[in-house]
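Turn this into a model:
(one chain, ligands or ions: 1)
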Amino acid sequence: MSEPATCPICTMPELLVADDGFECATCGHEWLGDADNGHGEIRDANGNLLADGDAVTVVKDLKLDGKTGGVKSGTKIKSIRLVSGDHEIDGKVDGRQLLVKAAFVKKA
Ligand SMILES: [Zn+2]
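Model (predicted):
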């Protein structure tokens with residue numbers, strides 16, 4: 001979670017970190033943390049932080065539920081959406097919606 005340095009209301013730097021955001025120790029203002037959107041930080045195979053809308057490249061041949069025509073290493077996925085769960089990346093390849101593990105991609 002990346003912490004804002006100061007309270008957006010009173011600009012004092014004393015902040016308390018709560019489960020779902022931050023609370024200002026000076027004025028009591030509470031706000032949601034920018035990194036806490038349900039799935040936490042998701043990193044690619046190289047440890048780079050991923051964000052919604054990023055383009056990634058698959059780095060491993062992936063099989064899709066035993067069906068033929070999986071995703072080949074080197075396939076690009078544009079405009080990913082990050083979701084919580086075992087497979088953190090929601091994207092489209094050739095018009096097919098699929099979920100991929102973040103560990104199997106790198107940021108393009
Ligand atoms: Zn404050």
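
so residue 14 touches residue 25, yeah?
Yes. Under the criterion of C-beta atoms under 8 Å, residue 14 makes contact with residue 25 at 3.9 Å. Placement of C-beta: from N, CA and C, glycine included.

doesn't residue 13 make contact with residue 5?
Yes. Counting by C-beta under 8 Å, residue 5 does reach residue 13; the two are 6.1 Å apart.

and whichever strand in the chain runs longest, which residues are buried?
The residue-count maximum for a strand in the chain (DSSP state E) belongs to strand 76-82. The neighbour-count check on strand 76-82 (16 or more other C-beta atoms under 10 Å) flags 77, 80, 82 as buried.

Point out the other helices and strands that that strand packs with.
The helices and strands touching strand 76-82, judged by 3 or more C-beta pairs under 8 Å, 6 or more residues apart in numbering; DSSP states H and E, are strand 56-58, strand 89-93.

Give me the contact list for it.
Contacts made with strand 76-82 from outside it, assessed by C-beta atoms under 8 Å, 6 or more residues apart in numbering, are listed as 37, 39, 42, 50-58, 88-93, 100, 105, 108.

All set now, cheers.
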